[in-house]
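Visitor: My questions are about this predicted structure, shown below with the sequence.
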Amino acid sequence: MTTDDQRGEDAVLARLLDNDEPPGRLSSYGPDPDQVWEEYGDPHHPLIVLVHGGYFRPSVDRTHLRPMAAALAGDGLRVALAEYRRIPGDPWASVQDLLDLDDVLGDGTWVGHSAGGALVMRHGAERDRATVALAPVGGFLKSYAGGHGNHAVRDWIGGSPNERPADWKALDPSGLRPATRTLVVLHGDLDQAVPPDVNADLPVRWINGAHHFDLVDPQSPFWPQVSAAIAAAIQD
């Protein structure tokens, strides 16, 4: 991994954030401004719930996944681009928001990227939903040991593994009981934001040459692999 890889990630993220994709149809599932989703595509088509990452930081929202949501809708899917509360020290707010959104939307395939990948893995195990995790923060203890995202997982949970052991155990995707339905984990081997070793204990399909944001970029040469994995998961 090189500084060129990091620059490549940064450039793609900047382009995704600067997208001119119009927002989807906005609906609320709770009273908080972050308890909303944007809907794309035909409401009669198969449902994808798309959950963004950003290392659980309140400063990162769903904006950069709008091109992905529009692309999946163009493939004939109904896409719900989820927003959720990201409150440092209150991780269960994020978990509960996805449960509440699930109650509103009903059965669907959950797709999450980065921190969103960790959330959909947990959600899929609890609600038994088909799940596709893209470059997830899938091993919390490994992420903590590496200090990834300036110790983003620690800040979200509100303490270290020694300080809040029960929360770390309950939230860590790598220790969850697997769902009986499909779980697909995709990860690029050049990822800088979530280094590949974080997911060493998961059944990962490695995408050679891909970095962190290639997996959510419809312009990426790796996008066909991602869209095919999502389409296959829908059939479960």
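Guide: The structure has been received and is ready for your questions.
Visitor: For G41, give me its contacts.
Guide: The contact partners of G41, by Cβ atoms under 8 Å, 6 or more residues apart in numbering, come to 72-74, 76-79. Yep, even glycine has a C-beta here, placed from its N, CA and C like the rest.
Visitor: now the strands for this structure?
Guide: With strands called from DSSP state E, the chain shows them at 25-28, 36-40, 47-51, 78-82, 109-113, 131-134, 183-188, 204-207.
Visitor: Just send those strands back as TSV, with mean pLDDT too.
Guide: Below are the strands of the chain laid out as TSV (pLDDT from 0 to 100):
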stretch	mean pLDDT
strand 25-28	98
strand 36-40	99
strand 47-51	99
strand 78-82	99
strand 109-113	99
strand 131-134	98
strand 183-188	96
strand 204-207	97
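Visitor: For P173, find the nearest of the ones you listed.
Guide: strand 131-134 (7.7 Å; Cβ to Cβ).
Visitor: Could you list the residues in contact with the closest one?
Guide: With Cβ under 8 Å, 6+ apart as the test, strand 131-134 has contacts from 109-114, 117-118, 120-121, 123-124, 173, 179, 181-187, 215-216, 226, 229-230, 233.
Visitor: re earlier: ok, so of the contacts of G41, who is nearest D97?
Guide: Using Cβ to Cβ, the contacts of G41 come closest to D97 at V79, 17.6 Å.
Visitor: quick one, helices of the protein?
Guide: Ranges of helices within the chain are 3-17, 66-74, 91-105, 115-127, 140-146, 148-157, 165-171, 223-234, based on DSSP state H.
Visitor: how about these, which one is nearest F56?
Guide: Of all the helices of the chain, helix 148-157 comes closest under Cβ to Cβ, at 3.7 Å.
Visitor: Now do that closest one: everything it contacts.
Guide: 55-57, 86, 88-89, 91, 94, 115, 137, 140, 143-144, 160, 164, 167-168, 171, 193-195, 198.
Visitor: mind redoing it with 10 Å?
Guide: Contacting residues not belonging to helix 148-157 are listed as 53-58, 86-94, 114-115, 118, 137, 139-144, 147, 160-161, 163-164, 167-168, 170-172, 192-195, 198 [Cβ atoms under 10 Å, 6 or more residues apart in numbering].
Visitor: got the buried residues for that helix?
Guide: Neighbour-count burial for helix 148-157, counted by 16 or more other Cβ atoms under 10 Å, picks out 148-149, 152-157.
Visitor: which residues touch the closest residue to H212 other than its chain neighbours?
Guide: With Cβ to Cβ, 6 or more residues apart in numbering as the criterion, H212 has its nearest non-adjacent residue at 4.2 Å, and that residue is A193. A193 makes contact with 6, 9-10, 13, 53-55, 114-115, 135, 137, 148-149, 152, 211-213 under the criterion Cβ under 10 Å, 6+ apart.
Visitor: Can you tell me how far V104 is from A166?
Guide: V104 sits 29 Å away from A166, going by Cβ to Cβ, to the nearest Å.
Visitor: Likewise for S160?
Guide: S160 is 13 Å from A166, by Cβ to Cβ.
Visitor: quick one, which of the two is more surrounded?
Guide: S160 (13 against 7; other Cβ atoms under 10 Å).
Visitor: check contacts around the more buried one.
Guide: So S160 contacts 144, 151, 153-154, 168 (Cβ under 10 Å, 6+ apart).
Visitor: coming back round to it: what two of the buried residues of helix 148-157 are the furthest from one another?
Guide: So, those by Cβ to Cβ: farthest apart are H148 and I157, at 13.7 Å.
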